[in-house]
Structure formats: structure tokens, C-alpha cells
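> Return atomic coordinates for the entry below.
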Amino acid sequence: MSIPTEPIGSIPRPAVLMEAVARHGGDTEAPELQPLFDDAVRDTIARLESLGCPVVTDGEQRKYHNFIDYCVHGLPNIAPDGFKIPFVAGHTRRLPRLTRAPFRYCKRADIFLEVAQRYASVPVKQAVISPSALSLVYPEEPIDDYPRERFIEDLLTEHMLEVRACLQKGSHAVQLDFTEGRLAVKLDPSGALLASFIDLNNLALDRFTTDERKRIGVHTCPGGDRDSTHSADVDYAELLPSLLQLNLTSYYISLAGEADPRRVLHTIRKHLQPHQRIFVGVISPTDPRLETPDEVRDRVLEAAEFIPLAQLGTTDDCGFSPFSDDTSTTRETAFAKISARIRGTALAAQRLGVA
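A predicted model of the protein is given here:
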């Protein structure tokens, strides 16, 4: 037995790609850009493998605008002025807004997976956006002849088709990005919004078999954008008991950036179920300081005091570049931090006798 370690998702894109996209006015579908996107995916995977990553991603190189709306960006019935997410640094991000029926994906994540698998020699995982996040694209004012109930049914169907396609094409795991979980507690301290998100995601998970759910995980964090967060001030104890009720296997939980990691680990231990694996965050993408392997080792050893080794893994707190204009972390820094995670996890495994 060893301690598994996996990335979350996004890695800053090569400068040559970002400059080329800017010259094309942000038109990521321009034919001239496609070889550059392929090169970025190829280079990302090659560098991750060179660091010894046992599982890789494509670094979300083709989810150019952001990790949320890749599946609907460019649709004619989507407007840019949807739900607003405020960050502590003072800037905001907006989700798209559905303007009319029907709700459909125009792009599914399995197409990113296929490209990544072309270049990878180790297992590839694929991140997808959660149904609860996409539920926020439906406006407060009901759409004529398209009630929210029909929208939710369409949303669940689209999500199922995406996840199942990734599983059928051999994804090592499918990770649901659920950054809105902690934000839900901030927006609605009563817990009702969070409960509705958990219920919706479980409705989606109910559409998969037991074996399929063993390859589905969920990622939670307080947001990460321009070295800022949107909900780090929310007590994890208000989220984790509900999060661990999701009907899946793997949980990728940001931890390195927490003020009191041991308190979080106490909460995890209290609610952890035998079939669940916890990938604890040991790298903070929003911290410009480069963690050392020894520091990562110590974080893993601390987590092992609370989580059985058979249920423990490591990861990064969140993606390194979740939005296209987030250049607060360089590509080189991201790879250096990932290297520290890999090496530090190995050091912890040796110390614990499971290497």
C-alpha cells in the first residue's frame, strides 16, 4: 500500500498560448490556435509525468475561460451577466445566465479526456463542473414555458451523459468541482442552500451504478483566484458533515491554506465513513511561497493521525489557474509546487512504512 496523490485540475497555460489567444481577441476556437492548445496539453502531461505523478490531468488547458462554463460557453441562449461570486480581494466573477430553453451542453469534458489520453502514459483523471454549480445559471425570474423543474431534469441528464462518457472512455476518476459548497454556507447561514446543493448532486449520483460511483469524487475549496478566496472565513464544520453525505467515494478537500488544519481533521474523522477516501490538500496554490517536501511530509503525517492510511491521499488545495486571466501563479511555480507534493507524499509514506 502507498499513499495515492492526485492533482485537482488547472495549471497556468504557456505564455505563447495566452499571447496567441489575446491576439485573436479571446476566440479560442480559431483554427490557428488549435496546435498551440495541443502543444500545451502535451507539455503539461509530459512535465507532470516527469515529476513522477501517478495520475495526471490535462491542466484544463482547453477550459480556457474558466472551469465552470466550459460546457455552455458560446451557446446562443447564454448571457454573461449571471450569478456573481465576490472574492475577498475585491474582484468578482460571474456565472453565465440562461435566457431561454432548452438547457444543453455544447461541449463535454470527455473531449478533453480523449486528447489527454493521447499523450499520457499513466492514468488520466477528468474534472467536471457539479450540477449544483450549473443550477445557478437558471435566473431568479422563471423562464417562460421552461419551469425550473424541467431545467433541473435537463441539467441532470446532461451531467449524467458527460460523466458516463468520461467513465466509459477510461478516466481514472471523475472529479466534481464543488467550490460553491462552502460559498453556499456564506450566502445562506441557515444551511438550506447547501442542503439543496447536496440533494441535487445526490440526485445526479443516483443515476450511476455502485461501481461507477467508486470512480467519482468531489472537490471542495473556498475558491482560488488571483491569490484570493471567496469563502475561507466559513467554518469547515458547517460544510463537511453535509459534504460527506454525498453518495460517492473520493473527497478532495483543501486543507493546506486553512488556519487550523487539526480542527478540520477532527471534523473529518468524526464524520468519515469506511468506504470513503480523503485526499487532503497539502499544497496551497493561493500562497506564493513554495512549500518544501519536508513541509508536505509533515502535513501528511498530521493527517494520518486522524484518517486511516487506507483512506488517505494527498492533493493540491485547488487548481492553479481556474480562470483564463488568472496569472497570479506562474506555470513554473505550479510545477514546482506539484513536485513538492509528490516528493513530500513519498517521504511521508516512507516514514509511515507504506512506501
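> List the contacts of Trp241.
Actually, residue 241 is Pro rather than Trp. 267, 270-271 (Cβ atoms under 8 Å, 6 or more residues apart in numbering). Glycine gets a C-beta too; all of them are placed from N, C-alpha and C.
> Same check on Gln175?
With Cβ under 8 Å, 6+ apart, Gln175 has these contacts: 8-9, 125-128, 216-219, 250, 252.
> Please pick the buried ones from the contacts of Pro241.
Buried positions within these, assessed by neighbour count (16 or more other Cβ atoms under 10 Å), are Thr267.
> I'd assumed Thr249 was in contact with Arg213.
Yes: the pair Arg213 and Thr249 passes the contact test of Cβ atoms under 8 Å, sitting 6.2 Å apart.
> When these two are compared, which one has more neighbours?
Taking neighbours as other Cβ atoms under 10 Å, Arg213 and Thr249 compare with Arg213 leading, 20 against 17.
> Distance of that one relative to Lys63?
The spacing between Arg213 and Lys63, counted by Cβ to Cβ, to the nearest Å, is 24 Å.
> Same question for Leu200.
22 Å.
> Neighbour count for these two, which is higher?
The residue with more neighbours, out of Leu200 and Lys63, is Lys63; 27 against 20, by other Cβ under 10 Å.
> tell me the contacts of the more buried one?
Contacts of Lys63 (Cβ under 8 Å, 6+ apart): 10, 70, 112.
> residues touching the second one, list them.
For Tyr70, the residues meeting the contact criterion (Cβ under 8 Å, 6+ apart) are 62-63, 107, 109, 129.
> and if we set it to 10 Å?
Residues counted as contacts of Tyr70 (Cβ atoms under 10 Å, 6 or more residues apart in numbering) are 60, 62-64, 105-109, 111-112, 127-129.
> and it, which of the three is it?
Look at Tyr70: counting by DSSP: H, G, I helix; E, B strand; the rest coil, its state is coil.
> again with the last one
Three states are possible here, and by three-state DSSP the one that applies to Phe112 is helix.
> Ok, the first one next?
Three states are possible here, and by three-state DSSP the one that applies to Ser10 is coil.
> Wait, it touches Ile338, no?
No: judged on Cβ atoms under 10 Å, Ser10 makes no contact with Ile338 at a distance of 11.9 Å.
> any common contacting residues for the two?
With Cβ under 10 Å, 6+ apart as the test, Ser10 and Ile338 both reach 285, 316, 320.
> Helices - which of those land there?
Judged by DSSP state H, the shared contacts of Ser10 and Ile338 include no members of helices.
> just the strands in the stretch 251-355 of the chain please.
277-283, 312-316 (DSSP state E, counting those that start in this stretch).
> Same list (these) but as a markdown table, adding distance to Ser196 and mean pLDDT.
Listed next are the strands of the stretch 251-355 of the chain as a markdown table, based on distance: least, Cβ to Cβ, whole Å; pLDDT from 0 to 100:
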| stretch | distance to Ser196 | mean pLDDT |
| --- | --- | --- |
| strand 277-283 | 24 | 98 |
| strand 312-316 | 27 | 98 |
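> Can you tell me how far Arg263 is from Cys318?
Distance from Arg263 to Cys318, by Cβ to Cβ: 20 Å.
> tell me the pLDDT at Arg62?
In this model, Arg62 is scored at 93, pLDDT.
> same deal with Met1?
For Met1, the model assigns a pLDDT of 63.
> Quick check, Ser171 in contact with Gly217.
No: contact status for Ser171 versus Gly217: not in contact, 11.0 Å apart, counting by Cβ under 10 Å.
> Mind listing the shared neighbours of the two?
125, 127.
> hey, where'd the helices end up in the stretch 1-150 of the chain?
15-23, 34-50, 110-119, 131-134, 148-168 (DSSP state H, counting those that start in this stretch).
> okay, those helices, which one's buried deepest?
Most buried of those, by mean neighbour count (mean count of other Cβ atoms under 10 Å): helix 131-134, with a mean of 24.
> Show me what the mean pLDDT comes to for that one.
Computed over helix 131-134, the average pLDDT equals 97.
> do stretch 239-249 as well
On average, stretch 239-249 scores 97.
> rewinding a little: out of the shared contacts of Ser10 and Ile338, who has the most neighbours?
Of those, with other Cβ under 10 Å as the count, Pro285 tops at 31 neighbours.
> show me the contacts for the closest residue to Leu161 other than its chain neighbours.
Spatial nearest neighbour of Leu161, excluding adjacent residues (Cβ to Cβ, 6 or more residues apart in numbering): Arg108 at 6.9 Å. By Cβ under 10 Å, 6+ apart, the residues touching Arg108 are 70-71, 128, 158-159, 161-166.
> would you turn these into CSV with pLDDT?
Below are the contacts of Arg108 laid out as CSV (pLDDT from 0 to 100):
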residue, pLDDT
Tyr70, 95
Cys71, 96
Val128, 98
Glu158, 98
His159, 98
Leu161, 98
Glu162, 98
Val163, 98
Arg164, 98
Ala165, 98
Cys166, 98
